[in-house]
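1. kindly generate the corresponding structure for this input.
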Amino acid sequence: MSDATPPTPDVPLLRIRDLQIEFGRHGAAATKAVRGIDLELKPGESIALVGESGSGKSATALSFARLLPEPPASIAATEMSLNGHDILKMSESQLRRIRGKEIAYIFQEPTTSLNPVLTIRTQIAEALALHRPDVAKADRDDEIVKWLDKVGIVDSRKRLRAYPHELSGGMQQRVMIAMALCCQPKLLIADEPTTALDVTIQKQIMDLLAQLRRDLDMSIILITHNLGIIRSVADRVAVMFRGEIVETGPVDEILRNPQHAYTKALLACIPRMDSKERRLTTIDYAALGV
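-> This next block holds a predicted model:
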């Protein structure tokens with residue numbers, strides 16, 4: 001697969017058919033984490049994978065770039081393709097080329113994702129050196145500053161010399177976004193990108209992702225347990241429960257008229273400013289038959 005392979009309008013950027021993920025030994029002892037996932041993403045489209053912790057969202061997304069260690073994980077699918085190329089048949093060297101360049105990830109905790117003993121410049125320059133040979137070594141600082149500016153970091157050139165602990169959580173997350181986007185990926189996977197951030201910063205990060213998606217014509221898969229934050233970023237939503245997608249559709253349609261009992265339960269858990277209820281709603285699993 002060529003690094004320069006452009007998206008083809010009539011071919012889905014990502015197509016997943018009957019994805020199965022197990023952990024542990026094959027057979028009865030194996031833990032079936034994901035079962036029968038079907039997913040299709042067009043170039044420039046955005047989808048939210050929504051569900052509780054443990055529903056299989058992150059495992060599903062990590063499998064798209066074969067980032068789950070195999071073993072203990074076992075991944076199988078009728079089809080798993082990126083821009084028409086079979087991901088399951090890619091060699092390790094081919095996978096290393098698409099990771100970061102074709103598919104980039106933003107993980108939940110920037111504090112644990114950034115190397116605490118390396119400067120911001122060193123960490124982003126490493127990604128550029130690996131995936132952007134068009135950027136000369138002498139020009140890397142200017143390229144890094146450009147992306148730090150794009151994600152809204154003030155005094156970006158000064159921040160090149162900063163270490164992660166010198167930045168706030170919101171600033172660290174912006175650095176992670178800049179690091180992911182500087183390689184100009186076709187698909188950005190944002191795994192709970194607002195975890196541990198206060199509400200104001202959460203909105204800033206979600207607005208930033210929405211703006212960058214429009215500016216860069218990039219596809220996004222947003223992983224979250226919070227249905228309240230998806231409207232500004234996603235076109236469609238896929239609701240995951242116990243390793244399966246139980247409902248999918250346009251965001252506004254799902255939020256306005258959910259059909260599955262689990263989706264209704266998730267929406268009922270969102271606190272409302274206009275509600276007089278003092279007690280938070282919880283999910284009644286007995287009512288869901290589990």
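
2. and the helix or strand of the chain with the lowest mean pLDDT, what's buried?
-> Ranked by mean pLDDT, DSSP states H and E, the weakest helix or strand in the chain is helix 110-113, scoring a mean of 76. Across helix 110-113, burial judged by 16 or more other C-beta atoms under 10 Å covers 110, 113. The C-beta positions use only the backbone N, C-alpha and C, and glycine is treated the same way.

3. let me know the next secondary structure element after that helix.
-> Using DSSP states H and E, the helix or strand that follows helix 110-113 towards the C-terminus is helix 120-131.

4. extract the C-alpha set from the least confident helix or strand of the chain and format it as CSV.
-> Output in CSV follows, covering the C-alpha atoms of helix 110-113 (Å, rounded to 0.1, in the frame of the first residue of the first chain):
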residue,chain,number,x,y,z
PRO,A,110,-2.6,12.9,27.1
THR,A,111,-0.6,12.8,30.4
THR,A,112,0.2,9.1,29.8
SER,A,113,0.4,9.3,26.0
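
5. need the residues that contact it.
-> Helix 110-113 is contacted from outside by 107, 164, 169, 172, 173, 175, 176, using C-beta atoms under 8 Å, 6 or more residues apart in numbering.

6. mind putting these in TSV, pLDDT included?
-> Shown next, in TSV, are the contacts of helix 110-113 (pLDDT from 0 to 100):
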residue	pLDDT
107	82
164	91
169	81
172	88
173	84
175	89
176	87
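
7. could you pull out the strands for this protein?
-> 14-23, 31-41, 46-50, 73-76, 79-82, 85-86, 103-106, 187-191, 219-224, 236-241, 244-250 (DSSP state E).

8. indicate which one of these is closest to residue 157.
-> strand 103-106 (23.0 Å; C-beta to C-beta).

9. elements contacting that closest one?
-> helix 169-181, strand 187-191 (3 or more C-beta pairs under 8 Å, 6 or more residues apart in numbering; DSSP states H and E).

10. same thing but 10 Å
-> Judged by 3 or more C-beta pairs under 10 Å, 6 or more residues apart in numbering; DSSP states H and E, the packing partners of strand 103-106 are helix 57-63, helix 169-181, strand 187-191, strand 219-224.

11. mean pLDDT lowest where, among these?
-> With a mean of 86, helix 169-181 has the lowest mean pLDDT of the helices and strands packed on strand 103-106.

12. which ones are touching the residue lying closest to residue 106 once chain neighbours are set aside?
-> Nearest non-adjacent residue to residue 106, counting by C-beta to C-beta, 6 or more residues apart in numbering: residue 190, 4.6 Å away. Taking C-beta atoms under 10 Å, 6 or more residues apart in numbering, we find residue 190 in contact with 46, 48, 61, 104-108, 173, 176-177, 180, 205-206, 209, 220-224, 233.

13. what's the separation between residue 190 and residue 85?
-> As judged by C-beta to C-beta, to the nearest Å, residue 190 and residue 85 stand 23 Å apart.

14. before we move on, what about residue 154?
-> 40 Å.

15. look at those two and report which has more neighbours.
-> Set residue 154 next to residue 85 and count neighbours by other C-beta atoms under 10 Å: residue 85 wins out with 16 against 9.

16. does the more buried one touch residue 94 like I think?
-> Yes. Using C-beta atoms under 10 Å, residue 85 is in contact with residue 94, at 8.5 Å.

17. check contacts around the closest residue to residue 14 other than its chain neighbours.
-> Nearest residue to residue 14 in three dimensions, chain neighbours excluded: residue 41, at 4.2 Å (C-beta to C-beta, 6+ apart). Residues counted as contacts of residue 41 (C-beta under 10 Å, 6+ apart) are 12-16, 47, 64, 82, 187, 219-221, 235-236.

18. thanks a lot, see you next time.
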